[in-house]
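Turn this into a model:
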Amino acid sequence: MSTANKIFSNTLWQVILRAISILIGVLNLSLITRILGTTQFGFYTTIFAFAQTFMILADLGLYLTLLREISTAEKSEQETKIVNNIFTIRFFASLIVLILAPIAIIFFPYAPEVKTNLIYFILTFFFQSLVSTLAAVFAKKLAMPLVAIADLLNKSVYCFILFYLFFNTGSLRSVLAWHSFTQFLGVILLIIFLRKFVKLHFAFDFSYWKKVFIITWPLALTTILNLVYFKADTLVLSAYAPAEVVGLYGAPYRVLEVLATFPHMFMSLIVPLFTAHYIQKNWEQLQVLSQHVFDFFVILSGLILVNVWLVSKPLMILLAGSDYAGSGPLLNILIIATIAIYFGTFFSYLVVAINKQKEMVKYFFIAAVIGLSTYFIFIPKYGAPAAAWLTVFVEFLLWFFAYLVIKKHLPLKFFSPVFFKTVLASILAFILGKFIFNYSFILSIIVATFVYAIVLYFTRGISKELLKKILTKTE
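Sure thing, here's the model as predicted:
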């Protein structure tokens with residue numbers, strides 16, 4: 001089977017499994033919003049943002065470092081050494097954060113419900129941090145569907161628990177605690193899957209740790225700066241706005257976070273290939289690969305924008321309940337940020353692949369300073385809409401910065417006729433979808449998606465030759 005076919009098969013299974021997982025995740029979100037109501041969900045959103053912020057501090061850029069390190073490993077013994085040492089670093093870094101976060105939150109101006117319930121949710125991110133690091137091994141082995149299976153089973157078990165809580169008056173504490181428990185089950189399952197590739201255990205090769213820290217410190221610093229602008233909007237809003245407003249903002253923001261997982265998953269598959277072409281200085285293959293991926297994100301972005309802009313308000317009512325109708329306009333804004341994240345992720349992963357992440361540090365610092373300062377200036381006065389638009393601005397800023405780094409070091413071009421064809425398909429799909437919307441918003445999505453695909457097919461925005469090449473198995 002060709003490498004292209006392996007990537008396609010791997011991605012196809014991931015897309016199928018992740019699509020099911022996302023649907024279950026959306027159902028879980030729908031249950032959580034209904035179990036908690038807007039005020040309690042506002043507390044949930046604040047806890048989520050605070051716990052995620054602290055666990056990002058423990059990330060240290062280790063996922064991308066592990067992915068790049070094992071992409072260059074030639075022997076299984078070398079892979080085992082790399083995986084176990086980086087996993088050990090991640091485990092103890094996350095453990096330290098697990099201890100510090102409940103202490104730190106005491107000094108923040110949050111409601112008592114937020115402070116007392118954090119411990120139940122910080123465990124969720126502790127286990128997720130282990131999963132996210134180990135996922136790099138599966139990406140290298142083109143076995144990411146196993147990660148998707150673990151995630152799907154985890155979300156499915158949690159879904160059954162949430163249904164029980166929904167019919168038996170669940171509380172904020174029970175929602176958080178059961179989430180941590182099911183995430184723990186996901187870690188165990190992933191470690192079982194990992195035995196096919198690596199025998200996992202703690203490793204303390206401090207000379208290699210030193211090498212890892214030298215490689216990863218720019219990623220660690222950019223990750224810390226990243227969390228300043230990515231999560232500070234919610235934390236600032238939580239400090240100045242009522243819990244109900246935070247809940248209305250948190251619901252569409254969770255949609256953004258669910259959708260934003262896809263580019264990371266997809267680029268994890270591309271980075272090993274990109275790194276190999278870069279090391280071999282195979283510029284032609286680099287151009288072909290990067291252009292196909294860029295065009296894919298363009299087409300996917302157009303489809304997402306059209307459908308969300310068509311049905312944002314009824315979609316949020318369907319997902320979260322009638323109390324969240326006010327989240328619709330916020331989703332319209334945040335979906336633009338989602339698209340910026342897609343392309344920002346694309347260029348950021350390419351920066352890591354060519355080992356130029358140090359150059360991104362100054363740009364992340366600029367974005368963090370601009371983001372944090374504007375959050376404190378505009379969010380207290382203008383609330384959730386300001387938080388949403390500032391998120392869009394900062395994400396586009398980072399996309400632009402990562403693009404500058406890539407253009408500086410690689411002879412690549414990313415502009416193609418696919419962009420104009422996608423714009424045409426999007427306009428036609430939106431117009432027809434809007435017409436159908438008065439009859440049924442679900443039918444509107446179906447019609448818009450069909451029109452979008454047809455226009456792209458007949459304008460050759462979707463390459464029939466490329467599809468045929470990918471779908472044809474070759475040895």
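
distance of residue 87 from residue 94?
Applying CB to CB, to the nearest Å, the value for residue 87 to residue 94 is 11 Å. (C-beta placed from N, C-alpha, C; glycine too.)

same question, residue 185
Counting by CB to CB, the gap from residue 185 to residue 94 is 18 Å.

So which of the two has more stuff around it?
The residue with more neighbours, out of residue 185 and residue 94, is residue 94; 24 against 15, by other CB atoms under 10 Å.

for the more buried one, what are its contacts?
By CB atoms under 8 Å, 6 or more residues apart in numbering, the contact set of residue 94 is 55, 58, 125-126, 129-130.

Count the neighbours of residue 434 for me.
Neighbourhood size, residue 434 [other CB under 10 Å]: 15.

Equivalent analysis for residue 107, please.
8.

And residue 246, by the same measure?
29.

following the strand or helix carrying residue 37, which helix or strand comes up?
For residue 37, the element it lies in under DSSP states H and E is helix 3-57. Proceeding N to C from helix 3-57, the next assigned helix or strand is helix 62-72, under DSSP H and E.

between residue 87 and residue 94, what contacts are shared?
residue 130.

how much space between the closest residue to residue 130 other than its chain neighbours and residue 53?
Nearest residue to residue 130, sequence neighbours excluded (CB to CB, 6 or more residues apart in numbering): residue 187, at 5.4 Å. For residue 187, the distance to residue 53 equals 21 Å [CB to CB].

neighbour count winner among these two?
Higher neighbour count among residue 187 and residue 53: residue 53, with 21 against 18, using other CB under 10 Å.

Now do that one, the pLDDT please.
The per-residue pLDDT reported for residue 53 equals 79.

From the contact counts, what lies against the helix or strand containing residue 135?
Assigning secondary structure by DSSP H and E places residue 135 in helix 112-140. For helix 112-140, the elements it packs on are helix 3-57, helix 62-72, helix 76-104, helix 144-167, helix 172-194, helix 261-279, judged by 3 or more CB pairs under 8 Å, 6 or more residues apart in numbering; DSSP states H and E.

buried stuff in the fifth one?
Taking 16 or more other CB atoms under 10 Å as the neighbour-count basis, helix 172-194 is seen to contain the buried residues 172, 174-180, 182-184, 186-187, 189-191, 193-194.

cool, the fourth one as well?
Residues of helix 144-167 classed as buried: 144-159, 161-162, 165 (neighbour count, 16+ other CB under 10 Å).

Tell me, how many residues neighbour residue 77?
Close neighbours of residue 77, defined as other CB under 10 Å, add up to 9.

for it, what are its contacts?
No contacts exist for residue 77 under CB under 8 Å, 6+ apart.

Same check on the one 3 residues further on?
With contact taken as CB under 8 Å, 6+ apart, residue 80 is in contact with 198-199.

Excluding sequence neighbours, find me the nearest residue to residue 455.
Leaving aside its sequence neighbours, residue 455 sits nearest to residue 425 (CB to CB, 6+ apart; 3.8 Å).

Surely the one you found and residue 460 touch.
No: if you go by CB atoms under 8 Å, residue 425 and residue 460 don't touch, sitting 11.5 Å apart.

Between the two, which is the more surrounded one?
Between residue 425 and residue 460, counted using other CB under 10 Å, residue 425 has the larger neighbour count: 26 against 12.

Buried residues, whatever helix or strand that one lives in. List them.
Assigned by DSSP H and E, residue 425 belongs to helix 418-437. By 16+ other CB under 10 Å, the buried positions in helix 418-437 come out as 418-419, 421-422, 424-426, 428-430, 432-433, 436-437.

Please tabulate the contacts of residue 94 in JSON lines and include neighbour count and distance to residue 117 as additional columns.
What follows is the contacts of residue 94, written out as JSON lines (neighbours: other CB atoms under 10 Å; distance: CB to CB, whole Å):
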{"residue": "55", "neighbour count": "23", "distance to residue 117": "16"}
{"residue": "58", "neighbour count": "24", "distance to residue 117": "20"}
{"residue": "125", "neighbour count": "24", "distance to residue 117": "14"}
{"residue": "126", "neighbour count": "23", "distance to residue 117": "15"}
{"residue": "129", "neighbour count": "25", "distance to residue 117": "20"}
{"residue": "130", "neighbour count": "19", "distance to residue 117": "22"}
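
now the stretch 351-475 of the chain, which segments are flagged as low pLDDT?
Within the stretch 351-475 of the chain, the stretches with pLDDT under 70 are 463-475.

picking that back up, what sits against the residue nearest to residue 130?
Neighbouring residues of residue 187 by CB under 8 Å, 6+ apart: 127, 130-131.

lowest confidence element among the helices and strands of the protein?
helix 464-471 (a mean of 51; mean pLDDT, DSSP states H and E).

sorry, back to before: report the distance from the helix or strand that the helix holding residue 425 is followed by to the chain centre.
As assigned by DSSP H and E, the chain's next helix or strand after helix 418-437 is helix 441-458. Distance, stretch centre to chain centre, for helix 441-458: 26 Å (CA atoms, centre = their mean, to the nearest Å).
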